[in-house]
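*Asks:* here is a sequence together with a model predicted from it:
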Amino acid sequence: MLRKTLLAAGALAASAASAQAQTEITWWHAMGGALGETVNEISTRFNDSQSDYRIVPIYKGGYEETLTNVIAAFRAGEQPNIVQVFDAGSATIIGAKGAVLPAEDLLNEAGAGFDVTDYIDGVRYMYADASGKMIGMPFNSSTPILYYNEDALKAAGVEAPKTWEEFEEIAPKLVGAGYVPLAQSHMPWIFVENFFSRHNLPFATQNNGYDSAQDVELLLSSTPELQHHFTKLKEWQDAGFFGYYGPGWNDNQQPFETGDVAMWIGSSGSFGGLQQSMKHPFASTYLPYWGSVEGAGGSTFIGGAALFALTGHDAAENKATAAFFEFLTSPEIQYMWHRETGYVPITTAAYEMAKADGYYDEKPSAETGILQLLLPSAEWTKGYRLGFYPQVRDVINRETGKIFSGETSVEDALKTIDEEGDQILARFAKTSG
Amino acid sequence: MKKALFGPSLTPYLLLAPQMAIVAIFFLWPSAEAVRSSFHIEDPFFGTATFVGTDNYVDAVTSSTYGRAARFTALFTVVVSVVSLGIALALAVSADAVLRGRATYKTTLMWVYAIAPPVAGLIGSMLFDQHIGPLKEFAALFGWDMRVGFDYADTAIAMMTVAAWKQIPVNFIFFLSGLQGIPNALKEAASIDCRSPVRRFWTVVFPLLAPTSFFLLIINITYALFETFGVVDVMLKGEPGNNPVTLVYKVFLDGFRGQDLGGSSAQSVILMVAVFLLTVIQFRLIERRVHYA
C-alpha cells in the first residue's frame, strides 16, 4: 500500500516536472455554446501543434461578465494572459494604461513580425491606438450587411437596393407584394456607428475619441446626414416601409425568418443561423448608403470582440501569448474559424485561402461582409474609441426607440443622445484622471 | 431577594462573534465599500480612484433616465405588491372555505413558487412575445396591439404581470396559514352577530390577519424592488432601449455593463437609504395599527 502511494507520488512529481517544461497560459473568453467548442478546438490545435506552450481556454460568461471578471482578477493580481473584450468595452481596457500589452509589440518582440497590411482594411484600426498601433488582436469580427428574401424580391419584381434612394423606389412594390420591406437588429451599431463609417463622416470629436478621452463630444445632432436618415426612417415606418420591433436582436430577425419582412440588416455572421431558421431562400448584399452624400459608399468597420494580452506575466508567458497570436492569425486557423462560426477572417491570406477553396461558391453570403470591409477606407471608416460606451449605446437605443414610438422628434432625440452621451463620456474621462 | 450577579466574562462575546463576523463581512464591509466608491470615479482596472465629492450623486439624480427609472420603480412596486397581495388574499380566502379536494387546490396554487425568477421571465417573454406570444394574440382579440419590447407601457404591463404572478404563491401560503390560525369560535361568534360574509371578513377576519398582512407587505415591497431583477433582465433580453427599467436593474446596467463603478455605487447607496427609510416608516406608521394577538 505504502509502496503504491509512493509510486503514485513519484509519477505525479514526474508528470509535474514535464509539465513545467511547458509554459502554460490562460485565455478567458466569452464564447458559449457552439462558438465555445470552436474556441476549444483552436486551443487544442495550438497545443498539439508544438510542445513549448500550452493554452487553457476558460469560458467566463457573456461579454459583460467576462469584462467584469477580468477587472476583478486584475485588481487581485490574478489576471489571465489573454482576455476577450467586446467592441463597446474596448475603450475601458485600452484606456487603462499599462493593463494591456499591445498585440503589435508582442508579436514584434517575439520575432514573429507584424505587418498591418496583412490584415484586411476594415479590421486594422478598430482596436488600435491613436498612432494606428494594433493593441487588441481582432478575434470574432463581423460587420452589418443586408440580407434579403429572394422570394419576396422576385414577387415584387425588384432588385436588392444599393442605396437608400433605390430602397425608397422599391419599397412600395414590396409593400404591394405583402411584405414589410425593411427591418434591422441593432440600431446603435448599424444606423449610427456604421452609418458614420459608410458615409465617411466623423462620429465624435477628438478623432472619434482615438486621440484622447478628454473633452470628447458626440456629433449626432450636428450631422445633417444622420438627421436626414432618421427622418426618413420615421417616414418609412409611418408608410409601412420599415418595421421597428424594439431593441432586441431576435425580435427584429424573427419576422425576416418567417417571411414577413423582405430585407433585414444583421451581422455578417448571421447567415449560418439564418440557414437553419429561414423558411425562404435568401442572399445578402452591402449595407445601403445615401447616394446623395458625397464620399459615401466606403467601408464599414468591425464589431464583435478582440483578444487582449494582459500585463503582469513573465517574459516566457508573454512569449507563449505571442506564439498563440501568431498561430491564431495563421490562414489555416482563420479560415477554420470563418467556416465554423461565420465571423470574417481578419487577414487577406485567410480570405484568399477561403476563396481558393471555393468556399464562397458554396456560401456566397459568407463573402459579403469581407468584401464590404475591403471597400475603400477613408478618414472616418476606422471605428471609434469611446469610454463607458455600452451606456451610450443604451441611450441611443432608448432615444431612437422613442422616435419610432412617436414620443419624440428626430431632432430632440439626437440632441438628447449628444447631451447624455457627452455626460457619460465626460465621466469616463475622469477615470483616467 | 438576592440578585444573581455575573462577573465580566468573555463567553457571551465569543458566542456572538460568529454572527457579528458574518454581519461585518457580508453586510457592513460591502456597504462601507459602496459608500466609499460612491464618492469616487475609478479606473476599473487599477482601481485608481479620483475623489469627485458628490458628483456621482448629482449626476445620478439629475439624469432624466434616473427619474424615469425611479418613477417606474415606484409604480412597479405598488402595482406588483397590491396585485399579488390582493389576488393571493382572494385565493386564500376561497381555499380556506374549500372542504373537498383542499390539498390539491392548495398544491396547485403553490407550485409556481418553485419557479426561479429568470425562468418566470423566460416564460413571460414567450407568452408576451410580440410576434408569436399567445397573450399578444389574446390582447389582439380586444383590439389591443400589444408590443412588448417596443412599447413602454406594454412592456411595463408584461413585466408587472409576470412579477406579480411569481409572488402570488408566497403570499397565498402565508395568508392561508394566517386564516387557518383564526379560531373557529371567533368566526362562529361573528356569524351569529352579522349575516354579511363580506362585512364579517373586513371587520373580524381581516384585522386578525393584520400581522400577516403587514409582514407580507414588507416582504412584497422588498421583492418588487430587488428580487424581480431576474424577471426584468430576461424580459428585456439584455437591451433596455426605450423600455422601463427598475432602479436595481439600472445599478446593474451602469456598474456591470458600463463599468461605471462610482456612478453605480452612488445609485445603490441611494437605494439603500430609500429602503431603510421605507422600512422605518412602515414600522412607525403601520405597525402601530397592527394587533398581534
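*Replies:* Nice, thanks for sending it over.
*Asks:* give me the low-pLDDT residue ranges for chain B?
*Replies:* For chain B, the stretches with pLDDT under 70 are B:1-6, B:293.
*Asks:* all helices of the stretch 1-150 of chain B, in order?
*Replies:* Applying DSSP state H, counting those that start in this stretch to the stretch 1-150 of chain B gives helices spanning B:11-23, B:29-38, B:55-62, B:64-97, B:102-110, B:117-127, B:134-141.
*Asks:* now do the buried residues in the first one.
*Replies:* So the one you mean is helix B:11-23. By neighbour count, and taking 16 or more other Cβ atoms under 10 Å in any protein chain shown as the criterion, helix B:11-23 has no buried residues at all. The way it works is simple: take the backbone N, C-alpha and C, and place the C-beta from them, glycine included.
*Asks:* next one: the closest residue to chain B within the stretch 51-200 of chain A from residue A:89, what distance?
*Replies:* Each residue of the stretch 51-200 of chain A has a distance to chain B, by Cβ to the nearest Cβ, and the smallest belongs to residue A:96, at 3.5 Å. Applying Cβ to Cβ, to the nearest Å, one obtains 11 Å for the distance of residue A:96 from residue A:89.
*Asks:* got the end-to-end distance for stretch B:275-290?
*Replies:* With Cα to Cα, to the nearest Å applied, stretch B:275-290 spans 21 Å between its terminal residues.
*Asks:* roughly how far out does that stretch sit from the chain middle?
*Replies:* In terms of Cα atoms, centre = their mean, to the nearest Å, the gap separating the centre of stretch B:275-290 from the centre of its chain is 16 Å.
*Asks:* quickly find the element holding the closest residue to residue B:57 other than its chain neighbours.
*Replies:* Distance criterion Cβ to Cβ, 6 or more residues apart in numbering or on different chains; nearest residue to residue B:57, sequence neighbours excluded, is residue B:266 at 4.9 Å. Of the helices and strands defined by DSSP states H and E, residue B:266 is found in helix B:261-281.
*Asks:* between that helix and helix B:64-97, how big is the angle?
*Replies:* Here helix B:261-281 points in a direction 40 degrees away from that of helix B:64-97 (axes from the mean of the first three to the mean of the last three Cα atoms, to 10 degrees).
*Asks:* by contact count, what packs against helix B:261-281?
*Replies:* Contact here means 3 or more Cβ pairs under 8 Å, 6 or more residues apart in numbering or on different chains; DSSP states H and E; on that basis helix B:261-281 packs against helix B:29-38, strand B:40-42, helix B:55-62, helix B:206-222, helix B:247-252.
*Asks:* pull the helix or strand with minimum mean pLDDT from chain A.
*Replies:* Least confident helix or strand, chain A: helix A:2-20 with a mean of 50, by mean pLDDT, DSSP states H and E.
*Asks:* check which element follows that helix along the chain.
*Replies:* For helix A:2-20, the succeeding helix or strand toward the C-terminus, using DSSP H and E, is strand A:23-29.
*Asks:* got the buried residues for that following strand?
*Replies:* Of all the residues in strand A:23-29, those buried under the rule 16+ other Cβ under 10 Å are A:23, A:25-29.
*Asks:* mind putting these in CSV, pLDDT included?
*Replies:* Formatted as CSV, these follow (pLDDT from 0 to 100):
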residue, pLDDT
A:23, 93
A:25, 96
A:26, 97
A:27, 97
A:28, 97
A:29, 96
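*Asks:* which of those lies closest to chain B?
*Replies:* Nearest to chain B among the buried residues of strand A:23-29: residue A:28, at 14.2 Å, using Cβ to the nearest Cβ.
*Asks:* now do the contacts for residue A:135.
*Replies:* Applying Cβ atoms under 8 Å, 6 or more residues apart in numbering or on different chains, one finds that residue A:135 lies in contact with A:94, A:100, A:102-104, A:127-129, A:308.
*Asks:* quick check: closest non-adjacent residue to it.
*Replies:* For residue A:135, the nearest residue in space outside its immediate sequence neighbours is residue A:102; the separation is 4.7 Å by Cβ to Cβ, 6+ apart.
*Asks:* residues contacting that neighbour?
*Replies:* When the contact criterion is Cβ under 8 Å, 6+ apart, the partners of residue A:102 are A:129, A:133-135.
*Asks:* what do you get if the cut-off is 10 Å, keeping everything else the same?
*Replies:* By Cβ atoms under 10 Å, 6 or more residues apart in numbering or on different chains, the residues touching residue A:102 are A:94, A:108-109, A:114, A:127-129, A:133-137, A:308-309.
*Asks:* residues in contact with the residue minimising distance to the centre of chain B?
*Replies:* Nearest to the geometric centre of chain B sits residue B:223, at 1.6 Å (Cα atoms, centre = their mean). By Cβ under 10 Å, 6+ apart, the residues touching residue B:223 are B:77, B:80-81, B:84, B:117, B:163-164, B:166-167, B:170-171, B:216.
*Asks:* and residue B:35, how far from residue B:44?
*Replies:* Separation of residue B:35 from residue B:44 (Cβ to Cβ) stands at 19 Å.
*Asks:* more neighbours, the two?
*Replies:* residue B:44 (26 against 14; other Cβ atoms under 10 Å in any protein chain shown).
*Asks:* so that one touches residue A:71, yeah?
*Replies:* Yes. With contacts defined as Cβ atoms under 10 Å, residue B:44 counts as touching residue A:71 at a distance of 4.7 Å.
*Asks:* what do these two both touch?
*Replies:* With contacts taken as Cβ under 10 Å, 6+ apart, the residues that reach both residue B:44 and residue A:71 are A:92-93, A:96, A:99, B:259, B:261.
*Asks:* now, which of the residues you listed lie within helices?
*Replies:* Judged by DSSP state H, those include A:92-93, B:261 as members of helices.
*Asks:* one step back: so which of the contacts of residue A:135 wins on neighbours?
*Replies:* Highest neighbour count within the contacts of residue A:135, by other Cβ under 10 Å: residue A:127, with 28 neighbours.
*Asks:* OK, contacts around that one?
*Replies:* Listed by Cβ under 10 Å, 6+ apart, the contact set of residue A:127 reads A:85, A:87, A:90, A:93-94, A:100, A:102-103, A:134-139, A:141, A:302, A:305-308, A:383, A:385.
*Asks:* including pLDDT and secondary structure, could the contacts of residue A:135 go into a markdown table?
*Replies:* Converted to a markdown table, those look like this (pLDDT from 0 to 100; DSSP: H, G, I helix; E, B strand; the rest coil):
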| residue | pLDDT | secondary structure |
| --- | --- | --- |
| A:94 | 91 | helix |
| A:100 | 95 | strand |
| A:102 | 96 | coil |
| A:103 | 95 | helix |
| A:104 | 95 | helix |
| A:127 | 93 | coil |
| A:128 | 91 | strand |
| A:129 | 89 | coil |
| A:308 | 97 | strand |
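*Asks:* closest to residue A:182 out of those residues?
*Replies:* Of all the contacts of residue A:135, the one with the least separation from residue A:182 (Cβ to Cβ) is residue A:127, at 30.7 Å.
*Asks:* I'd like the helices and strands packed on helix B:261-281 laid out as TSV, including distance to residue A:357.
*Replies:* Rendered in TSV, the data for these read as follows (distance: least, Cβ to Cβ, whole Å):
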stretch	distance to residue A:357
helix B:29-38	53
strand B:40-42	49
helix B:55-62	54
helix B:206-222	60
helix B:247-252	45
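*Asks:* sweet, I'm off.
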